[in-house]
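Trainee: kindly return the folded structure for what I paste below:
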Amino acid sequence: MATKAIGTNWSGNYAYRARTLHRPDSLDELAELVSGARSVRALGSRHSFTSIADSAELVALDGLPGEIEMDAAAAAETVTVTVPGSTTYAALAERLNQEGLALHNMASLPHISVAGAIATATHGSGDLKGNLATAVRAVEMIGAGGELRTVAAGDPEFAGVVVGLGALGVVTRVRLAVEPYCEMRQRVFEGVGWDTLFARFDEIYGAGESVSVFHLCGERTEQVWVKRRVEGSGGSDDGDLEELLGVPAATRELHPVLGGDPVNCTPQQGVPGPWSERLPHFRSGFTPSSGEELQSEFFVARADAANAVEAVRGLAGDIIPLLLISELRTIAGDSLWLSPQEGRDSFALHFTWRRRPAEVEAAVAKIQAALAPLNARPHWGKVLTARAEAIAPLYPRMADFLALRERLDPDRTFVNDWLSEKVLGAA
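Mentor: Down below sits the predicted model:
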């Protein structure tokens, strides 16, 4: 089935220019579509804020057959699950909970598709937690010639394929490592001082499975969200956090965007619940975040966190009129070629903007310039103004990725304008 009514991305800031959206109902049909297309990309949950997923033709994968499968090795030390690429993390979490399993991490939004999140190295938070792509153990994809192939951990190409930006093939299924089910709780703390945050940085970011600091470039942070596993009896005494952060825990539910309705946020107040309903900030059944917004994000080495925040706060006059909220997180390093965390434990500076594209792009350009001395890498799925010539030197394995892309797709079937501008450059 095909349609010409493509529509917009989730935020409504980008209208897809593709002439046709295909919705194949079999792998054979998908292979035929891909092999016969001059230019095609896969369209996921539409959560990217740019043209990264656009092309002359698009394919949606939610009509393909296949279910979430617990792998036969479930009794082994490493448990894995095989997932259709179009599956959302919310749907995957629901199934894993039924099986007594969990993911190592979740992004703030559970609404996003597995294949899309992995392709852009989307992440959650946690000192010891890599981005979502680090859970991948194998990728099944349709190549430019219509061939179906699987690349698994241990294969020479694996680290280049996982965060593939949609440039290497249409990902149909993904095998993920999973963990035993657990319950978690979260607390929120308002008004933690910057001096406290950076004087006790390691303690604060190590105080939970996931820690997020929200701010508006002011004299103090706005909120600190700490997500912890429920241990032993399941008690919810987090008095140590109050001592650590120097402020009492909030006694009401809060939204990260000040003034937002917390009804769409995951429960706070230390109430225990499934990991999948605490690690994300937002509940799957509600409109996430603030809806009409733009986002951008940059990653520096963890050791440069204080310098990065100082550089951004120095731009407060340019940022504050456009900013809904900014979030600061930590992510463990990895070895995936185009992961922004490749080779270094990282500190993320995330910005949720008012939907004023021209002004936001100008502000993002200033942030990129301010963070350039720290070799800040951008989030692939969010607003960025840097071009390939500036981005490529930030990735030690970029040349390897470009060579892999050329070998797997010499006719540039999966190349679009965004990829040409942000990754390929003159290549």
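
Trainee: how near is residue 280 to residue 225?
Mentor: 11 Å (C-beta to C-beta, to the nearest Å). For every residue, glycine as well, the C-beta is placed using N, CA and C.

Trainee: name the SS class of the residue nearest in space to the middle of the chain, please.
Mentor: Nearest to the mean C-alpha position of the chain, counting by C-alpha atoms, centre = their mean, stands residue 122 at 1.8 Å. Using DSSP: H, G, I helix; E, B strand; the rest coil, the structure places residue 122 in coil.

Trainee: quick one: contacts for it?
Mentor: 107, 112, 116, 131-133, 379, 381 (C-beta atoms under 8 Å, 6 or more residues apart in numbering).

Trainee: show me where the stretch 201-350 of the chain has its strands.
Mentor: With strands called from DSSP state E, counting those that start in this stretch, the stretch 201-350 of the chain shows them at 210-215, 223-229, 273-274, 293-301, 323-331, 346-354.

Trainee: wait, which of these is closest to residue 392?
Mentor: With C-beta to C-beta as the measure, strand 293-301 is the member of these nearest residue 392 (15.8 Å).

Trainee: what's the helix or strand hosting residue 172 in contact with?
Mentor: Applying DSSP states H and E as the criterion places residue 172 in strand 170-180. Identification of contacts with strand 170-180 by C-beta under 8 Å, 6+ apart yields 27, 30, 34, 40, 42, 59, 61, 64, 66, 71, 78-85, 96, 100-104, 114-115, 118-119, 135-142, 148, 152, 164, 414.

Trainee: hang on, the earlier thing: got the strands of the stretch 201-350 of the chain as a markdown table, with mean pLDDT and distance to residue 360 columns?
Mentor: Converted to a markdown table, those look like this (pLDDT from 0 to 100; distance: least, C-beta to C-beta, whole Å):
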| stretch | mean pLDDT | distance to residue 360 |
| --- | --- | --- |
| strand 210-215 | 98 | 18 |
| strand 223-229 | 97 | 22 |
| strand 273-274 | 96 | 35 |
| strand 293-301 | 97 | 5 |
| strand 323-331 | 98 | 9 |
| strand 346-354 | 97 | 5 |
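
Trainee: how many other residues sit next to residue 7?
Mentor: Here the count is done by other C-beta atoms under 10 Å, and residue 7 has 10 residues near it.

Trainee: residues contacting it?
Mentor: For residue 7, the contacting residues are 15-16, by C-beta under 8 Å, 6+ apart.

Trainee: what do you get if the cut-off is 7 Å, keeping everything else the same?
Mentor: residue 16 (C-beta atoms under 7 Å, 6 or more residues apart in numbering).

Trainee: phi, psi of it?
Mentor: Backbone torsions for residue 7, taken as degrees, to the nearest 10, come to phi 90, psi -150.

Trainee: quick one: the nearest residue to residue 314 once chain neighbours are set aside from residue 295, how far?
Mentor: Excluding its sequence neighbours, the residue lying closest to residue 314 (C-beta to C-beta, 6 or more residues apart in numbering) is residue 370, at 6.8 Å. Counting by C-beta to C-beta, the gap from residue 370 to residue 295 is 18 Å.

Trainee: mind splitting this structure into its structural domains?
Mentor: 69-181, 184-385 (automatic domain parsing).

Trainee: of those, which stretch is the most buried?
Mentor: Comparing those by mean neighbour count (mean count of other C-beta atoms under 10 Å), domain 69-181 ranks first with a mean of 20.

Trainee: now that domain: average pLDDT?
Mentor: Mean per-residue pLDDT for domain 69-181: 93.

Trainee: endpoints of it, how far apart?
Mentor: Domain 69-181 has its terminal residues 17 Å apart, counting by C-alpha to C-alpha, to the nearest Å.

Trainee: now do stretch 253-267
Mentor: Per C-alpha to C-alpha, the first residue of stretch 253-267 is 7 Å away from its last.

Trainee: now find how far off-centre it is within its chain.
Mentor: Computed by C-alpha atoms, centre = their mean, to the nearest Å, the chain-centroid distance of stretch 253-267 equals 20 Å.
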